[in-house]
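Asker: Pasting the sequence and the predicted model now:
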Amino acid sequence: MSTKIQLYTWGTPNGRKISIALEEMGVDYEVHPINILKGEQFSESYLAISPSNKIPCIVDPAGMHGESISIFESGAILIYLARKFSKFGGSDSTNELEVLQWVMWQMGGFGPALGQLHHFRKFAKTKVPYAIERFDNIADQVYRVLDTRLATRDFVADDYSIADMAIYPWAARFEWQSIDLATYPNVKRWFDMLSQRPAVKQGMQVPFLN
């Protein structure tokens, strides 16, 4: 049985948070594509490790104390990995709190807002002007929050962290959101900088590596 972390994922922003983190931390892992377009996330075998029937999910055969553990919810996975490997989770307790706040902001604000905008702009069979306008406005709000935060620092929690890894894949779909990153110059600087990181480039290709 493999001792590597098993990553169950698909090519979504939430999935790519985890592959980026694993690449940045230099952790050996195996990828199991879960094709959500075919409904593979609803299989009984996947339900056993991911109660919400969503990706991503990891199974760590070694766990924290030598016992196998499965973890779902991308934010929880990021926190787990940061704590297990003592990387990118904050330089001290105060900085850790900053990191956690911005991970929670992504989970509760940035991601859901942009996910709704993706749906109504790209996938909805019927275009609903009210919904598109509503989430266009909300997208602008959350991007402005991020732009303001990055006006005085290179990364969202001062040092590069799982907070940046959580936010980046959602920002990477700015074209789906009809967002011009030049409107948010601090976000664009941050985005361009992260886009050059080898681990980010590699993580963004999972699970569709050539």
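Answerer: Done, it's in. Keep in mind that what you see is a predicted model, and the values were worked out from it rather than measured.

Asker: Where do the helices of the chain begin and end?
Answerer: Remark: helices assigned in the chain by DSSP state H are 13-25, 44-47, 74-85, 93-105, 111-118, 129-149, 162-171, 185-195, 198-203.

Asker: and the ones you listed, which is most packed in?
Answerer: Of all the helices of the chain, helix 162-171 has the most neighbours on average by mean count of other Cβ atoms under 10 Å, namely a mean of 27. C-beta: built from backbone N, CA, C; applies to glycine.

Asker: The closest residue in space to Leu100 that isn't next to it in sequence and Val187: what is the separation?
Answerer: Distance criterion Cβ to Cβ, 6 or more residues apart in numbering; nearest residue to Leu100, sequence neighbours excluded, is Ile79 at 7.2 Å. Counting by Cβ to Cβ, to the nearest Å, the gap from Ile79 to Val187 is 24 Å.

Asker: Next: Ile36.
Answerer: Note on Ile36: its distance to Val187, by Cβ to Cβ, is 28 Å.

Asker: Check Tyr168 too.
Answerer: 10 Å.

Asker: if we can go back for a sec, of all the helices of the chain, which lies closest to Asn53?
Answerer: Closest to Asn53 of the helices of the chain, according to Cβ to Cβ: helix 44-47, at 6.1 Å.

Asker: and Tyr8, what does it touch?
Answerer: The contact partners of Tyr8, by Cβ atoms under 8 Å, 6 or more residues apart in numbering, come to His32, Ile34, Tyr46, Ile49, Ser50, Ile55, Pro56, Cys57, Ile58, Val59.

Asker: Could you tell me which of the residues you listed count as buried?
Answerer: Using 16 or more other Cβ atoms under 10 Å as the burial test, the contacts of Tyr8 include His32, Ile34, Tyr46, Ser50, Ile55, Pro56, Cys57, Ile58, Val59 as buried.

Asker: which of these lies closest to Arg144?
Answerer: Arg144 lies nearest to Pro56 out of these, by Cβ to Cβ, at 28.3 Å.
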